[in-house]
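**Q** 3D, please:
(2 chains)
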Amino acid sequence: MKVVGQGVRKKDAMSLVAGKPVYTDDIVPANCLIVKLLRSPHAHALIQDINVDKAEKMPGIECVLTFRDVPQSRFTTAGQSYPEPSPYDRLILDRRVRCIGDPVAIVAGADEAAVNKALEAIKVKYEVLEPLVDFRIAKDHPILVHPEADFKTLIPVGADNRRNLCASKQFEYGNAEEEFKRCAHIIEQTYRTKANQQTMMETFRTYAVMDVYGRLNVTSSTQVPFHVRRILANALQIPKSKIRVIKPRIGGGFGAKQSIISELYPAVVTWKTGKPSKMVFTRQESFAAGRPRHESEIKIRLGADEKGMIQAIHMDTLWNAGAYGDHGPTTVGLSGNKSMTIYGQAKAYKFDYNVVYTHTLGGGAFRGYGAPQGFFALESAVNELSDRLGMDPMLLRMQNMLCGGQVGHLMHAYDEVEPLSSCALERCLAKAREMIGWDEKYPSREMDNHKVRAVGCAVALQGSAIAKLDLGSVEIRLNDDGFYTLLIGAADMGTGCDTILSQIAAEALLCDYDNVVVQGVDTDLSPYDKGSYASATTYMTGMAVVKTCETLKKKIIAEGARLMGRSAETAGFDGQKVFALDGDQSISLKDIANNSLLGWNRYLAASEAHSSPISPPPFIAGAVEIELDKLTGKVEIIDFAAVIDCGTVINPNLARVQAEGGIVQGIGMALYEEAQFSPKGRLYNDSFLKYKIPTRLDMGKIRVEFESSYEPTGPFGAKSIGEVVINASCPAIAHAIHNATQHYFRELPITSEQVLLSMQKKP
Amino acid sequence: MIINLWINDKEFMDDVAPDKMLLDYLRSKGFFSVKRGCETSNCGMCTVLLDGKPVLSCSTLTVRANGKHIATLEGLQAEALEIGGFMADEGAEQCGFCNPGFIMNVIAMKRELKDPGEDQIKKYLMGNLCRCSGYMGQLRAIKKYLAAEKEGAK
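**A** The predicted model follows:
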């Protein structure tokens, strides 16, 4: 392969490093109205009266909108394929507020100062109600978060708004209770994780204008342009044909921009006033009104025989949806289905979950999408089992986890039962063991100055796209002189899908990478793609690229053969020319391309869509070495060795940086990231002063290697990489801290304070 | 308040509000490489050079730049592309939003420190957050850039 497997520069790299104006707020039209929100100071209240008379009349103010001015038809802001599994539980502006920060009024005006003054002039009379903040008591609590009659779900997800249930389900394969009776060892524990913020460096932002055709044009920092179009139409109750969505360069997403967040407000302002408007969330707003990772409490029973063969796993997940159900019914599934699947030889699996509403900030999508919580819980339990057995935790995994020898076996605990189609996890774990120096370092070594060094490990998987549901399509056009335009609806959010898909196209069309040009997403011009999430773009849209190239190549061969006066069956294509299979005759791609633009309706373009019947898992094995200060409880990451099977690595540089970035996000989640709420539901840490993400001093050394399998259903053998890379950090670090202290830490984040407090007790 | 300053060696005279932050002033003049990532001086996105020293323009009043020279990445394109080329070769630029502030600080570091080691590099650039890259690719790029510069200086 010539282009696939090369660490080529990203197509947009040099513009990004040069600081070119390519992001949403760099390209807004002049004289945009500034849009801001009046937000609720109460976690639970009813608006009895809202008086905007004074605010409306203030100088520079264009409009002030309240619940009286917007459609009262519920929708979800979760960017998912229609019909969305997330309940329709939200309005643009609602009379009932369900969390601190809920929008109460939209103000648009000429400049920020005018809008800020108008916000202060709005008078709201609230009937303040008691909030339900603790998700552990939310199910069947008398305080209801969504008592409204028009709450609805489009597909059955086990929701019941009269019970504060956003979703619920019970799953069983085999007979878990029978298997547990026969188990020699059962680990039964409860694990907790907190809400985490995505903190992409570019906050939520959108601008809107009316175009020459009288349509609403929305330019937004989003991962899901086509879902934005549909959801805006749904929220505004206008035809989808009236909306165009454009995605320029975006400053990170990590799932946060898989929900429609800043888009609603400029869209409604511009639709109502006809004037351009923009909204840029402050960092505080992005913290306090974003869509963080769901808080969880996961009860596990893990049963094994006397030799440590895992026989049965039961996971019972409680999930905090917060005030709204964005991604609640779907993220929760991954907490059990993904994690249990990795132990594919168990005889029984049981998975129960409840996703509950509370009056806290609604959750959303964040890299891993529920799997990091599940892997923290299950991998921690497996490490506890290894202690119980007195068995090396890496060996315990080796004998229980998925491996190359199980290819073809059904994965019974997976979201949808499917055969394992590729796996090199055993090579990944063996390599991680070697990289970290496990045999010399496990479990721990005393150092000078009250310090101890210890190692820990974990394995994990994720999916590649959502099987049988999501769809990506691609169009490729042949232009003058033989260069190609690659049109995609997949949204590059900095991870490099414009580049990856161009590499796949260049490989399939046998041409130089530079011969393929690509653009950002415009829903009027790009072919449909569900957007960039669910680790889908390389695997799913990549296959759409391969299919499109095959179709286009056939057309090129047919046209070249026609120009040579022979049949297509007797011609071949080598990327540069169409040639006779039985002689010297040939015609260059340049001549074919230029001919195709003259008369006779022979313009050469192709478009294909792809949806995958399966979601083949990529794998990660992580091994970490930490140094723990016994006097302060401080944990320092010394070395994180990760070995990944993402199938064929399309671009090793971009894959490596994906892995390093995901691992470091996992380090933050393991050690200190936690959205903290007051008893009244107010987010305490709503800035980078109070919510710390890892700096370059906090992540030690990250070493990433690849041990590739070949995925037969992926483009050139590729699976996904984007999400799996976050899944091993938390359990591996928790394991290392246990090995340093002999204490089990079953709640994230494991802060220095918690380590120190635990060490004052007996293990 | 009337101020007089130089941005990328071009003179500007303006009447600015006393509370106008340098970040907002620079963006209003079209210097869009200057980004805001927070409001609390934590992220480093908005780094510019004020009389050659890196400052956070989000928390520097515009009037503080009166009579001074400011450099943004628009005025340092040759260095940006050179350092940026090493970033691009690692795939470390990722979403790119933190790149301008980061590269500004790398330029400042190179001018200030002679032969910085890994620890010095990390400490100097600690205030530049990046959520995409996990920092390793940035470190590889800087080391290669500094090595190439050293080689070139011989």
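**Q** tell me the domain ranges of chain B?
**A** The record's domain parsing of chain B by automatic domain parsing lists B:2-74, B:76-153.
**Q** Would you reformat the ones you listed as TSV and include mean neighbour count?
**A** Any C-beta I mention is one placed from the backbone N, CA and C, and that applies to glycine too. Putting these into TSV (neighbours: other Cβ atoms under 10 Å in any protein chain shown) gives the following:
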stretch	mean neighbour count
domain B:2-74	19
domain B:76-153	21
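**Q** among those, which is nearest residue A:415?
**A** domain B:76-153 (27.5 Å; Cβ to Cβ).
**Q** Can you check the distance spanned by that closest one, start to finish?
**A** 20 Å (Cα to Cα, to the nearest Å).
**Q** just stretch A:402-417 next, same as before
**A** 15 Å.
**Q** What lies in contact with that stretch?
**A** The contact list for stretch A:402-417 (Cβ atoms under 8 Å, 6 or more residues apart in numbering or on different chains) reads A:173-174, A:313, A:333-334, A:336-338, A:340-346, A:349, A:351, A:418-427, A:461, A:463, A:467-468, A:615, A:617, A:619, A:709.
**Q** Tell me the secondary structure at the nearest residue to residue A:263 once chain neighbours are set aside.
**A** Of all residues not flanking residue A:263 in the chain, residue A:206 sits nearest, at 4.7 Å (Cβ to Cβ, 6 or more residues apart in numbering or on different chains). Three-state call for residue A:206 (DSSP: H, G, I helix; E, B strand; the rest coil): strand.
**Q** Which strand residues bridge residue A:206?
**A** Beta-bridge partners for residue A:206, by DSSP bridges, are residue A:220, residue A:279.
**Q** quick one: it from chain B, how far?
**A** For residue A:206, the distance to chain B equals 16 Å [Cβ to the nearest Cβ, to the nearest Å].
**Q** OK, contacts around that residue?
**A** Taking Cβ under 8 Å, 6+ apart, one finds A:24, A:218-222, A:262-263, A:265-267, A:278-279 in contact with residue A:206.
**Q** Mind checking what secondary structure the closest residue to chain B within the stretch 351-500 of chain A has?
**A** Closest contact between the stretch 351-500 of chain A and chain B, by Cβ to the nearest Cβ, is at residue A:494 (2.5 Å). Following three-state DSSP, the label given to residue A:494 is coil.
**Q** longest helix in the chain, by residue count?
**A** Using chain A. Counting by DSSP state H, the longest helix found in chain A is helix A:542-564.
**Q** that's the wrong chain, I wanted chain B
**A** helix B:136-153.
**Q** List of residues touching that helix?
**A** A:653, A:656-657, A:660, A:696, A:699, A:701-702, B:82-83, B:86-87, B:89-92, B:102, B:106, B:110, B:115-116, B:118, B:121-122, B:125, B:130.
**Q** in chain B, which spans are helices?
**A** For chain B, the helices defined by DSSP H cover B:22-28, B:77-90, B:99-112, B:118-124, B:136-153.
**Q** In stretch A:246-262, which residues are buried?
**A** Residues of stretch A:246-262 classed as buried by neighbour count (16 or more other Cβ atoms under 10 Å in any protein chain shown): A:246-262.
**Q** What's the local residue count around residue A:142?
**A** 7 (other Cβ atoms under 10 Å in any protein chain shown).
**Q** Return the distance of residue A:177 relative to residue A:347.
**A** Between residue A:177 and residue A:347 the distance is 12 Å, computed by Cβ to Cβ, to the nearest Å.
**Q** In terms of packing, which of those two has more residues around it?
**A** residue A:347 (18 against 13).
**Q** for the more buried one, what are its contacts?
**A** Residue A:347 makes contact with A:174, A:179, A:311-312, according to Cβ under 8 Å, 6+ apart.
**Q** any idea where the helices of the stretch 551-700 of chain A begin and end?
**A** Along the stretch 551-700 of chain A, counting by DSSP state H, counting those that start in this stretch, helices occupy A:589-596, A:652-671.
**Q** mind putting those helices in JSON lines, mean pLDDT and distance to residue B:2 included?
**A** Formatted as JSON lines, those follow (pLDDT from 0 to 100; distance: least, Cβ to Cβ, whole Å):
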{"stretch": "helix A:589-596", "mean pLDDT": "95", "distance to residue B:2": "59"}
{"stretch": "helix A:652-671", "mean pLDDT": "98", "distance to residue B:2": "46"}
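**Q** winner for burial among those helices?
**A** Among the helices of the stretch 551-700 of chain A, helix A:652-671 has the highest mean neighbour count (mean count of other Cβ atoms under 10 Å in any protein chain shown), at a mean of 28.
**Q** For chain B, tell me whether that one is touching it.
**A** Yes: shown here: helix A:652-671 in contact with chain B (Cβ under 8 Å from any Cβ of the partner chain) through A:653-654, A:656-657, A:659-665.
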